[in-house]
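Q: below is the sequence, then the predicted model.
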Amino acid sequence: MKCSIRLFVSFLVFSALVLVIQVNVQAQDEIRRKGRARIEPPPPPPKPREAGPPQQQPASPTIDGIVRDAETKEPLSGVYIQVEGTVRGAISNDEGRFTLKREGLPVPTPLVFSYVGYAKKTILVTIDQKSIEVKLEEESIMADEVVVMASRVSERIVESPVSIEKLDLRAIGELPTLTAYDAVVTLKGVDQMISSVSFKSVNTRGFNSPANVRFVHRLDGLDLQAPGLNFPINALNGANDLDIASVELIPGAASALYGPNAFNGMMEVQTKSPFQYTGLSAMVRLGANHLDGIDTDPAPVSDFAFRYAHKFSDRLAGKVNFHYNRATDWFATDYMDVANYAGTTNVERFGRGPGNPGYDGLNRHGSEVNNLFRPDFRLPGLPNVPIVFEPVLIARTGYDEKDLANYDSYNLKADAALHYQLSPKVELIWNSRYSRGTTIYQSVSRNTLTDFEHHIHKLEARGADFFVRAYGSFENAGDSYDTRFTGINLNSRAKAHQDWFSQYLLAFSPTLNPLLNGVLQAAGRPTLNPLNDADARAFADGDNRALQPIMAAVIQQQLGLPAEQANAFASGLTRGRARFEPGTDEFN
């Protein structure tokens, strides 16, 4: 028993000793492992790649952006964006967006944003900016607005030595007028004389005239007066509304700078540069006039225009314009009697107006030819037969203006231009303009300008402080005519004035009327009443040549004249054709 206990105790002691030795060995192994980890060098790092150029995102080929109102956040269209110090630029579209090519631009790129009514703003666009947003703030004082007329060089309007009235691009677009030239009348000190639906003369200083010969109208430096008329015809040969950038007007005398024709004032119209305003724009206006249907049926009024400008390169740009309008003109239907009856008995005997032998209607042409017949007037060849009546004014039968004038008014204008930048400060410009139209022009007489044509061609070199310009102005009057003298000449072509008055007096005179009635009875015609304007006028306006043989026989028999003298006198009393009636082949 004791031996077993000793063996068990010896086994426990031996097991404990083995366990201690094992733990000690494991501890030594751990210590040696950690020591090696501290002593052994770390593995070599991977070999770095060779250094190259710094990596960056490629720049966008264009600068895109949008322009907004700083307060309302609404996009602004028509804002001019210019690369500072160059002629490069763009215009914002209807959504306020614009695009500029980066090629050839400095880095960073200074952009100047300008818009009428807003403060000018300049920003720098870096190479890593692809899209920008610009907010413009409204500016209530336009102290820096520039004019080009006052001293023949560009200057601020507040520094101008004379009063300048100006319509800018924004004002022209906002005014509810048929053309931009109609909007000029809204300026201070300006009047407008309206001859017809498309012929309107600008006047200043109270010198109101349909032919303002002392007023100068220039378009990009060109004098636009029509060579044949010797005064400006404004919208008829002026700029397309879509191409007008500004209208400047000197309402006072400008003779010191622009010659004696500028005594009553001057108007300068500047057109849009194809470098700044590119792309296609079009306009259509529709309306109607004569809605009362009194003179004619309601008629349409149409107005169509387009403009296209393209920048071929940084140096070359061009533009073309076309403008056409058509309307039925106003009818001149005021026929009040404007004859001078001083020293006659016309008014007391016949009253004024139709039925009076001397009636001359305001808008009747040809009736200006008249004669005052006094007591005891004798027809040549009848010395023994006086025409006894009190002084009476007798006028020829006139034509209504609506039968003589062409009221189908139209106006066509077209032009083309090329602009080439010889250097950043010198520009070469070629421009050709053509206009054609039909309209009514009012002066002392009423004139129908029918299918007139006007050409202007210009070649100009323009710099910052100089210009060299050569141009020619050429006009073709077409089938234009004076309606007053047309009426007079129509009457004289049908029957000479002397023959017409002789035949009128033959029927009108109480002493000669029985002689004529004898001839009419012999010819089977109805007799006429003496001192009756309608009867006498009908006879004088008619074709009486068939009465010559009968007239000669009656004169020879009743007055005892020789046959040869009776034949000659009868020829004078029956000579000439009938009055040309409107619409007939002879009249046309």
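A: Cool, the structure landed.
Q: can you tell me which residue is spatially central in this protein?
A: residue 235 (3.9 Å; Cα atoms, centre = their mean).
Q: tell me the SS of it?
A: helix (DSSP: H, G, I helix; E, B strand; the rest coil).
Q: ok, residue 98 to residue 403 distance?
A: 57 Å (Cβ to Cβ, to the nearest Å). Bear in mind the C-beta positions are built from the backbone N, C-alpha and C, glycine included.
Q: the two: which has the busier surroundings?
A: residue 98 (24 against 16; other Cβ atoms under 10 Å).
Q: relative to residue 587, how far out is the more buried one?
A: Per Cβ to Cβ, residue 98 is found 61 Å from residue 587.
Q: least confident secondary structure element in this protein?
A: helix 2-39 (a mean of 43; mean pLDDT, DSSP states H and E).
Q: past that one, which element shows up next along the chain?
A: Proceeding N to C from helix 2-39, the next assigned helix or strand is strand 62-69, under DSSP states H and E.
Q: can you list the buried residues in that following strand?
A: The neighbour-count check on strand 62-69 (16 or more other Cβ atoms under 10 Å) flags 63, 65, 66, 67, 68, 69 as buried.
Q: so residue 486 touches residue 406, yeah?
A: No. With contact defined as Cβ atoms under 8 Å, residue 486 does not reach residue 406; the gap is 11.1 Å.
Q: any low-confidence regions in the stretch 51-200 of the chain?
A: For the stretch 51-200 of the chain, the stretches flagged by pLDDT under 70 are 51-59, 140-163.
Q: helices of that one, residue ranges please.
A: Per DSSP state H, counting those that start in this stretch, the stretch 51-200 of the chain carries helices over the ranges 169-174.
Q: hang on, the earlier thing: who's in contact with the residue nearest to the centre of the chain?
A: The neighbourhood of residue 235, defined by Cβ atoms under 8 Å, 6 or more residues apart in numbering, consists of 179, 181, 182, 198, 200, 411.
Q: from the residues you listed, which land in strands?
A: 200, 411 (DSSP state E).
Q: would you list the contacts of residue 235 in CSV and tack on distance to residue 464 and neighbour count?
A: Output for the contacts of residue 235, formatted as CSV (distance: Cβ to Cβ, whole Å; neighbours: other Cβ atoms under 10 Å):
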residue, distance to residue 464, neighbour count
179, 32, 23
181, 30, 23
182, 34, 17
198, 38, 25
200, 36, 23
411, 36, 23
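Q: list just the nearest of the contacts of residue 235 to residue 579.
A: Taking Cβ to Cβ as the measure, residue 579 sits nearest to residue 198 out of the contacts of residue 235, at 32.1 Å.
Q: check contacts around the closest one.
A: Residue 198 is in contact with 235, 236, 325, 327, 329, 409, 411, 437, 439, counting by Cβ under 8 Å, 6+ apart.
Q: mind listing what the nearest residue to it once chain neighbours are set aside touches?
A: Nearest residue to residue 198, sequence neighbours excluded (Cβ to Cβ, 6 or more residues apart in numbering): residue 439, at 4.8 Å. Neighbouring residues of residue 439 by Cβ under 8 Å, 6+ apart: 195, 196, 197, 198, 199, 236, 329, 409, 411, 449.
Q: would you list the contacts of residue 235 in CSV and tack on distance to residue 373?
A: What follows is the contacts of residue 235, written out as CSV (distance: Cβ to Cβ, whole Å):
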residue, distance to residue 373
179, 51
181, 50
182, 49
198, 43
200, 43
411, 47
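Q: max pairwise distance over the contacts of residue 235: which two?
A: The widest separation within the contacts of residue 235 (Cβ to Cβ) is 13.3 Å, between 182 and 411.
Q: that older thread, any figure for the gap between the residue nearest to the centre of the chain and residue 351?
A: 43 Å.
Q: give the buried residues for stretch 339-359.
A: For stretch 339-359, a neighbour-count test (16+ other Cβ under 10 Å) marks 339, 341, 344, 346, 350, 356, 357, 358, 359 as buried.
Q: other residues contacting it?
A: With contact meaning Cβ under 8 Å, 6+ apart, stretch 339-359 is reached by 335-337, 360-361, 367, 370, 372, 390-395, 504, 508, 533-534, 536-537.
Q: tally up the residues packed near residue 510, please.
A: Count around residue 510 with other Cβ under 10 Å applied: 12.
Q: so who does it touch?
A: Residue 510 touches 388, 389, 530, 531, counting by Cβ under 8 Å, 6+ apart.
Q: same question, residue 67
A: Residues near residue 67 by Cβ under 8 Å, 6+ apart: 75, 76, 79, 81, 92, 96, 98, 113, 115, 134, 135, 136.
Q: I'd say the first one and residue 66 touch.
A: This points to residue 75. Yes. Between residue 75 and residue 66 there is a contact at 6.2 Å, judged by Cβ under 8 Å.
Q: anything in contact with each of those two?
A: By Cβ under 8 Å, 6+ apart, the residues touching both residue 75 and residue 66 are 92, 95, 96, 97.
Q: thinking again about what came up before, buried subset of the contacts of stretch 339-359?
A: 335, 337, 360-361, 367, 370, 372, 392-395, 504, 508, 533, 536-537.
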